[in-house]
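> Mind folding the following:
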Amino acid sequence: KLESMGDAITELVALPDEEQWLSALPSLVASEGVETISQWRDATKHKHHLVHVATAKDFARVLELLSVNGFDLNVQRDSDQCTALHLAIYYKKPHTASLLKKLGVDTTLQNSYGESCDAKYEKLAETMQNIIWLDLELTSGFYDPAPARILEAAIIITDKDLNELGRGQWVINGFSADELLALANFHQKTFRDREPGGAFPPLADSPGNGLFSEIVASAVTKEAAQEGMLRLMRKHCVEYACPIAGNSVQCDREVLMLEMPQVYSFLNHRIIDVSSFTGLMERWLPDSLAAWKLDAAAEAAAGGAIYNHRAINDIESSISTMRWVRSNMLVQPPAASALNEPK
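Got it, this is the predicted structure:
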């Protein structure tokens, strides 16, 4: 009986879709019973219980059904005494972790490494608030008919309070000098060399930022850049949870969908568009706009953030702008209790 029951659970575990689990589980529980099924372990070195497998698959509704049927959601796997909540946190499954908390699992249980889930869960919740600041330099503008290709990409990840957690910058190869010289006038003015004497001398009165020369010298493929970006995001962010941010960042997002679909898929659907705030200042708060421009110019003159169409610098400028907006525009009103205090 145990052997046939084990085969039935193995077949269940092999099902790829949560709906299939939800359909198959009730009859399995009715025929075998909770106690018998709870004795099952998978064949991996960890000897997972069913609740652990469901957690790794991010099947939150399955866990809810198991709980209703009396399965122990606090059961610890044999290899390292990790609970389902340990695994949900480790694999960055925020929805499943939240459900397990809601179902009342014991967050104080420790695994073999002496780790409980109390602080780990809070850290996961914090990580979901992180912001992915991204900028791309492209072969064509957003409104040009030709599909844009990525010349350079950069990411800075911050926490919700704009403290930097990590950064990366990728200059992408695969472009010949002739291809670069055939790009539009904006690109020639912006991306040629700063000084004459190289393969891409600057246009008159338009010292470039040197990107063309770095592209020709780069060994980084677009695929390698995408992998590097994913590694950085996975280190600091929960998949599908963290928004992308930057100036006119919806344009970058649409390019990612075609050029770097794995990066695109990692992101939350929300965006934080810094240019929306500057656009609102132009329309509603001209004095604030003037003050921001003065502060940005002073910061650049002092060697701080500067917007110069190099991806990492443009991100630094976006973050600096958002700090200004937060301090000068997004000001919390006094607490209700303070408003009601007697004068």
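> Okay, strands next: where are they in this structure?
Counting by DSSP state E, the chain has strands at residues 131-138, 150-158, 164-171, 244-246, 271-273.
> Figure out which of those is closest to A60.
Closest approach to A60 among the strands of the chain (C-beta to C-beta): strand 131-138, 24.3 Å. In short, each C-beta sits where N, CA and C put it, glycine included.
> residues making contact with the closest one?
148-160, 162, 191, 211, 233, 237, 242-247, 249, 252, 255-256, 267, 272, 309-312, 314-315, 318-319 (C-beta atoms under 8 Å, 6 or more residues apart in numbering).
> okay, that strand in CSV with CA atoms only?
C-alpha atoms of strand 131-138 as CSV (Å, rounded to 0.1, in the frame of the first residue of the first chain):
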residue,chain,number,x,y,z
ILE,A,131,13.9,49.7,-6.7
ILE,A,132,15.6,48.7,-9.9
TRP,A,133,17.0,51.8,-11.5
LEU,A,134,17.8,51.2,-15.2
ASP,A,135,19.0,53.1,-18.2
LEU,A,136,19.7,52.0,-21.8
GLU,A,137,21.6,53.8,-24.5
LEU,A,138,20.1,52.8,-27.9
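> Looking at it now, give me its mean pLDDT.
Here strand 131-138 scores 98 as its mean pLDDT.
> Then stretch 75-93?
Stretch 75-93 comes out at a mean pLDDT of 93.
> Can you name the residues in contact with it?
With C-beta under 8 Å, 6+ apart as the test, stretch 75-93 has contacts from 38, 41, 45-49, 51-52, 54-56, 58, 63, 73-74, 94, 96-97, 100-101, 105-107, 109-113, 115, 117, 120-121, 123-124, 127, 238-239.
> before we move on, the earlier item: and among the strands of the chain, the most buried is which?
Highest mean neighbour count of those: strand 244-246, a mean of 26 (counted as mean count of other C-beta atoms under 10 Å).
> now the helices: where do they sit in the stretch 101-250 of the chain?
Here the stretch 101-250 of the chain has its helices, by DSSP state H, counting those that start in this stretch, at 118-127, 177-181, 185-191, 211-217, 222-236, 249-259.
> what's the distance between the closest residue to A153 other than its chain neighbours and L256?
Closest residue to A153 apart from its sequence neighbours, by C-beta to C-beta, 6 or more residues apart in numbering: W170 at 4.9 Å. To L256, W170 is 13 Å away according to C-beta to C-beta, to the nearest Å.
> do the same with R149
Counting by C-beta to C-beta, the gap from R149 to L256 is 12 Å.
> what comes up buried for the lengthiest helix in the chain?
As assigned by DSSP state H, the longest helix anywhere in the chain is helix 311-328. Within helix 311-328, the residues scored as buried using 16 or more other C-beta atoms under 10 Å are 311-322, 324-325.
> Could you do stretch 184-198 as well?
Neighbour-count burial for stretch 184-198 flags H187, Q188, K189, T190, F191, R192, D193 (criterion: 16+ other C-beta under 10 Å).
> Equivalent analysis for stretch 96-108, please.
Quick answer for stretch 96-108 (16+ other C-beta under 10 Å): T96, A97, S98, L99, L100, L103, V105, T107.
> Could you do stretch 169-183 as well?
By neighbour count on 16+ other C-beta under 10 Å, the buried set for stretch 169-183 is Q169, W170, V171, I172, N173, F175, L180, L183.
> just curious, which of those residues is nearest to P334?
When the buried residues of stretch 169-183 are compared against P334 (criterion: C-beta to C-beta), the nearest one is Q169, at 42.0 Å.
> pretty sure M128 contacts P94?
Yes - the pair M128 / P94 is scored as a contact, 5.5 Å apart, by C-beta atoms under 8 Å.
> The longest helix of the chain to strand 150-158, inter-axis angle?
For helix 311-328 against strand 150-158, the angle by axes from the mean of the first three to the mean of the last three C-alpha atoms, to 10 degrees is 40 degrees.
> Low-confidence regions, the chain specifically.
In the predicted model, the chain carries pLDDT under 70 at residues 1-5, 335-343.
> Quickly list the domain ranges of it.
2-127, 131-173+218-328 (automatic domain parsing).
> Tell me which of those lies nearest to G197.
Proximity to G197 (C-beta to C-beta) singles out domain 131-173+218-328 among the domains of the chain, at 20.1 Å.
> Figure out how far that closest one is from the centre of its chain.
13 Å (C-alpha atoms, centre = their mean, to the nearest Å).
> The nearest residue to S176 once chain neighbours are set aside and P201: what is the separation?
Nearest residue to S176 in three dimensions, chain neighbours excluded: V216, at 7.9 Å (C-beta to C-beta, 6+ apart). Relative to P201, V216 is positioned 14 Å away (C-beta to C-beta).
> neighbour-wise, which of the two wins?
Neighbour count, other C-beta atoms under 10 Å: between V216 and P201, V216 has more, with 17 against 13.
> Might you report the residue contacts of the more buried one?
Counting by C-beta under 8 Å, 6+ apart, V216 has contacts N173, F175, S176, A177, L180, A199.
> so what's the first one closest to, chain neighbours aside?
In this structure, N173 finds its nearest non-sequential neighbour in S218, 4.4 Å apart by C-beta to C-beta, 6+ apart.
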